[in-house]
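[1] need a structure here:
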Amino acid sequence: MPEIAFLNGEFLPTYEAKVPVDDRGYQFGDGVYEVVESYNGRLWALDRHLRRLERSLSEVGITGITVDEVRERILETYERSGIPRALVYVQVTRGVLPRRHAWTSASLKPTLLVTVREFQGVPDQLRRSGVKVITLPEVRWGRRDVKSINLLPNVLATQKAWEAGAYEAIFVEGGYITEGSHTNIFTVRDGRLFTPQEGPHILSGITRGLVIEMAKEEGIPVEEGPLPYEALLEADEAFLTATGEEVLGVVSVDGRRIGSGRVGPMTRRLYEMFMYRVERGMDSPQ
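    Have a look, this model is predicted:
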């Protein structure tokens with residue numbers, strides 16, 4: 001099936017999509033984005049992603065485009081693709097302007113890009129075995145709650161993880177866990193879930209929020225608050241959440257085993273609960 005893009009009013013193959021060199025996304029990373037996954041031909045948690053996109057646009061002051069417009073383009077691009085299991089990437093930049101840091105044009109028109117690519121998900125073997133992670137010092141800007149396209153620190157962290165034979169890099173700030181380079185993180189101790197609280201220090205992950213909701217529905221205690229690095233080392237279990245990863249077990253950090261060194265029962269239970277809702281199109285616990 002062809003990979004398809006929508007770029008500023010035109011549908012075309014992804015490899016043909018091009019932006020001007022003066023686009024502020026290209027020049028400065030001046031834009032925001034979302035990634036939506038589809039299952040069996042249905043876009044999962046689209047409304048939640050669009051609400052977060054709307055907030056990101058507001059926080060960075062990008063105007064001239066509405067979430068309703070973005071929704072329409074997402075739906076049409078996805079329908080044209082014909083891909084049942086896909087990752088849909090949505091990016092809005094401030095637009096095209098001769099290069100300078102400040103933007104002064106009242107007529108600046110945002111650039112909207114939507115791409116649809118086939119996605120296989122996390123391999124079953126990796127899902128069963130769990131993943132290794134490393135930790136790195138937190139070096140990103142102070143507004144990680146905004147889903148900015150400016151991802152150089154995340155890219156470099158992920159590269160270091162892969163070079164170390166790990167799946168993900170987890171940032172640590174002042175001795176406390178924040179999040180992964182592209183995931184949120186939870187620990188499990190004595191049947192309770194622990195995860196860093198929302199705020200400017202982390203992205204409010206869509207899957208993170210869904211996991212918290214369904215855990216509470218099932219009577220599983222959840223504590224959102226500061227998460228010391230030592231708590232990760234001492235956890236019974238740990239897992240990552242993200243759109244592509246869903247709920248993915250972590251079995252070691254910085255070469256040290258977490259719990260039994262295997263994907264734990266709470267992680268498996270939450271993954272199964274999450275997929276139950278996905279298969280039934282339940283974007284929220286019911």
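
[2] contacts for stretch 153-168, please.
    Applying C-beta atoms under 8 Å, 6 or more residues apart in numbering, the external contacts of stretch 153-168 come out as 126, 131-134, 136, 139-140, 169, 171, 180-183, 240, 250. No exception for glycine: its C-beta is placed from N, CA and C like everyone else's.

[3] buried ones in it?
    Buried positions in stretch 153-168, judged by neighbour count with 16 or more other C-beta atoms under 10 Å: Pro153, Asn154, Ala157, Thr158, Ala161, Ala166, Tyr167, Glu168.

[4] just flag the most distant two among those.
    Within the buried residues of stretch 153-168, two members stand farthest from each other by C-beta to C-beta: Pro153 and Tyr167, at 17.7 Å.

[5] count of neighbours near Asp47?
    Burial of Asp47 is recorded as 12 neighbouring residues (other C-beta atoms under 10 Å).

[6] so it sits in a helix?
    Yes: under DSSP: H, G, I helix; E, B strand; the rest coil, Asp47 falls within a helix.

[7] please name the nearest non-neighbouring residue to it.
    Leaving aside its sequence neighbours, Asp47 sits nearest to Asp283 (C-beta to C-beta, 6 or more residues apart in numbering; 6.9 Å).

[8] please name the residues that touch the residue most central in space within the chain.
    The residue lying closest to the centre of the chain (C-alpha atoms, centre = their mean) is Ala242, at 4.9 Å. Counting by C-beta under 8 Å, 6+ apart, Ala242 touches Gly180, His182, Thr183, Asn184, Gly205, Thr207, Leu248.

[9] got a pLDDT number for it?
    We have a pLDDT of 98 for Ala242.

[10] do Gly281 as well
    85.

[11] how many residues are close by it?
    10.

[12] got the contact list for it?
    Arg42.

[13] show me where pLDDT drops low in the stretch 51-200 of the chain?
    Nowhere does the stretch 51-200 of the chain drop to pLDDT under 70.

[14] what ranges do the strands span in it?
    86-93, 111-118, 131-137, 168-173, 176-180, 184-189, 192-195 (DSSP state E, counting those that start in this stretch).

[15] now for those, which one comes closest to Glu72?
    Between the strands of the stretch 51-200 of the chain, strand 111-118 lies closest to Glu72; by C-beta to C-beta that is 10.3 Å.

[16] buried residues in that closest one, which are they?
    Thr111, Leu112, Leu113, Val114, Thr115, Val116.

[17] domain ranges for the protein?
    Domain ranges of the chain: 4-118, 124-279, per automatic domain parsing.
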